[in-house]
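Make a model of this:
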Amino acid sequence: MNNESRNIPITELDLPMIRDQIIDGPVGAKVLVDGHPARCYLSAPAWRSEGIIIEFDPPHPKFGEQFGTGYYRFLAPGLLGWGHDGEVMEVVLAIDDAHRAID
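Okay, the predicted model is just below:
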């Protein structure tokens, strides 16, 4: 079996939604954001509108440990537009040939 990885462009439908759950441990889809490893999920607690959260490990050179915004949309699979100034991130799910998320 070949364990080479490939990057799969994600959409909003690929991300878990976290509402008011108590989270113990890492959460979210394992992704690469502009080549940086991270976990990504949608968050919609009762007290604010839905947003996207990206937790980087190691910290991202621009965003640090975490990035989050309510101003986002997927422009195309793998292309996350955010903010009010036309910023875009490439977000892909890294899986191996056995269709397993890469740790």
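
how much space is there between residue 57 and residue 15?
Distance from residue 57 to residue 15, counting by C-beta to C-beta, to the nearest Å: 17 Å. Yep, even glycine has a C-beta here, placed from its N, CA and C like the rest.

Which one's more surrounded, the two?
residue 15 (21 against 12; other C-beta atoms under 10 Å).

which residue is nearest the centroid of the protein?
residue 40 (2.7 Å; C-alpha atoms, centre = their mean).

Which elements pack onto the strand or helix carrying that residue?
Per DSSP states H and E: residue 40 is located in strand 36-43. Using 3 or more C-beta pairs under 8 Å, 6 or more residues apart in numbering; DSSP states H and E, the elements in contact with strand 36-43 are strand 17-18, strand 29-33, strand 51-60.

Please identify the most buried of these.
For those, the largest average neighbour count (mean count of other C-beta atoms under 10 Å) is found in strand 29-33, namely a mean of 19.

Least confident secondary structure element in the chain?
Within the chain, no helix or strand scores below strand 5-9, which has a mean of 78 by mean pLDDT, DSSP states H and E.
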